[in-house]
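J.: quick one: sequence plus predicted model below, questions after.
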Amino acid sequence: MAEENSSAAGSSSRAQRNIKEQHRRMHMKDLISQLASLIPSNSKLSMPEILDEASSYITHLQKNKESLERRKALLKEEDHSEPTVMNITISGSTLEVNLICGSNRNFMFHEIISVLEEGAAEVINVTQLNSGDRVIFSVLSKAVNSRIGVATERVQERLKELIL
């Protein structure tokens, strides 16, 4: 009788282990299905393929995150840079444009000259001074025709659009 009890107890514990294993496998299958739904894949994949794809996708996302963090840091640096200051002085038929901006500003200086020329101004002198992280530009121009003058309002509007 003792043998029957021990074999019954053994089969009972074996049945419990089998049930636990069945639950574990079902749980793993559910987790793999959830993982498969999170990765971009159009085809039905095996469990090893899902794990491999998920690993590759996580690596891709990490690299993307790092790239975005670097870009965000660069944008924050630009936000903390000094704003561009523009001063336009008109005296008779002459027009002087002074710009003070950060050295990281990327605008084309020839575009400023083009705006002045479109406003009927002839460039007489251009000066550029680098001072640390700031650049100072000074452009002296005069009206092409002193009777007509320079279209100062239009020049100011165009320059603001260009540099700000």
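T.: Good, I have the coordinates. A quick note: this is a predicted structure, and the numbers were derived from the prediction, not measured.
J.: ok, for residue 129, nearest residue in space, not its chain neighbours?
T.: The shortest distance from residue 129 to any non-neighbouring residue, by C-beta to C-beta, 6 or more residues apart in numbering, is to residue 136 (4.4 Å). Just so you know, the C-beta spots here come from the backbone N, C-alpha and C atoms, and that holds for glycine as well.
J.: for that neighbour, give its distance to residue 160.
T.: Between residue 136 and residue 160 the distance is 18 Å, computed by C-beta to C-beta, to the nearest Å.
J.: hmm, back to that, where's the residue nearest to residue 129, which helix or strand?
T.: In this assignment (DSSP states H and E), residue 136 forms part of strand 134-143.
J.: continuing past that strand, what's the next helix or strand?
T.: Assigned by DSSP H and E, the successor of strand 134-143 is helix 152-163.
J.: give me the buried positions along that next one.
T.: 155, 156, 158, 159, 163 (16 or more other C-beta atoms under 10 Å).
J.: wait, the third one sits on residue 115?
T.: Yes: the pair residue 158 and residue 115 qualifies as a contact (C-beta atoms under 8 Å) at a distance of 4.5 Å.
J.: can you name the next helix or strand after the helix or strand hosting residue 15?
T.: According to DSSP H and E, residue 15 maps onto helix 2-38. The helix or strand immediately downstream of helix 2-38 is helix 47-79, counting by DSSP H and E.
J.: show me what the residue nearest to residue 129 bridges to in the sheet.
T.: residue 100, residue 129 (DSSP bridges).
J.: residues contacting it?
T.: 98, 99, 100, 127, 128, 129, 130 (C-beta atoms under 8 Å, 6 or more residues apart in numbering).
J.: quick one: pLDDT of it?
T.: Residue 136 is assigned a pLDDT of 86 by the prediction.
J.: not counting its neighbours along the chain, what's nearest residue 113?
T.: Nearest non-adjacent residue to residue 113 (C-beta to C-beta, 6+ apart): residue 123, at 5.5 Å.
J.: and that neighbour, how far from residue 28?
T.: Taking C-beta to C-beta, one finds residue 123 at 75 Å from residue 28.
J.: how about the nearest residue to residue 128, chain neighbours excluded?
T.: Residue 128 sits nearest to residue 137 (C-beta to C-beta, 6+ apart), 5.5 Å away.
J.: how about residue 132?
T.: residue 103 (8.0 Å).
J.: how about residue 152, what does it touch?
T.: Contacts for residue 152 were tallied using C-beta under 8 Å, 6+ apart; they are 88, 90, 95, 119.
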